[in-house]
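Peer 1: Dropping a prediction and its sequence here:
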Amino acid sequence: MTVWLTSDLHLGHANIIQYCGRPFADVDEMDAELVRRWNERVMPDDVVWVLGDLALGSIHHSLALAATLDGEKHLVAGNHDRCWVGNRGHEKWVDRYRAAGFVEIVTRTEIDLGAGVVLPACHFPYQGDSHDEDRFEQYRPVDDGRWLLHGHVHEKWRVRGRQINVGCDVWDYAPVDATTIRALVDEPLVSSRS
């Protein structure tokens, strides 16, 4: 069993292709390629943590695609997930995400990466944003000196300080395995890596 991490797939979101410079001709190609790359890596008995922003577009279509993704799926909901606590009416969406195969839906958690490495995880980083200013500050974790697994910043960075972005935009549009993330934690700390 392998533990995988990803975020910010934005299934069904045509505009994300332009916003983040994704190499896809259209949203159908992007969605198909995200599903293909996920399923070529993740085995049915693996565990996958999605650190938010699974879908943005037709939610019915996007959740149907999510149901085809292999592995035991866990969601740390992000601001674009309809089941995120910051969205009005989020409670009514939880069962829909569960029906798409998510066994757990949380706002924050700690993830065991193996070899004694357990890291906090949230959709949002301690600091930084995909926009020019930090948004959603009341939902961000407090920097307690530990490494943090997060998404939300898309292609802005892979590692910044003690923040590791697991977003698909910086991991070849596929989940990244826990062993790769542990290796980043073991590297000497630098201000920014990509």
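Peer 2: Received the coordinates, thanks.
Peer 1: and the longest helix for the protein?
Peer 2: helix 27-41 (DSSP state H).
Peer 1: Output the below-cut-off pLDDT ranges for this protein.
Peer 2: Scanning the chain with the threshold set as pLDDT under 70 gives 188-194.
Peer 1: As a check, name the ranges of all helices in it.
Peer 2: Under DSSP H, the chain gives helices at 15-20, 27-41, 59-66, 94-99, 178-186.
Peer 1: and residue 122, how many neighbours does it have?
Peer 2: Residue 122 has 23 neighbours, counted by other Cβ atoms under 10 Å. C-betas here are computed from N, CA, C, even on glycine.
Peer 1: Bridge partners for it, pull those for me.
Peer 2: Per DSSP bridges, the residues bridged to residue 122 are residue 108.
Peer 1: quick one: it and residue 84 touch, right?
Peer 2: No: using Cβ atoms under 8 Å as the test, residue 122 is too far from residue 84 to be in contact (11.4 Å).
Peer 1: before we move on, back to that, among the helices of the chain, which is nearest residue 134?
Peer 2: Among these, helix 15-20 comes nearest to residue 134, with 17.9 Å by Cβ to Cβ.
Peer 1: Go through that closest one and flag the buried ones.
Peer 2: For helix 15-20, burial by neighbour count (16 or more other Cβ atoms under 10 Å) applies to 16, 17, 20.
Peer 1: I'd guessed the last one sits against residue 169; true?
Peer 2: In this case it means residue 20. Yes: between residue 20 and residue 169 there is a contact at 5.2 Å, judged by Cβ under 8 Å.
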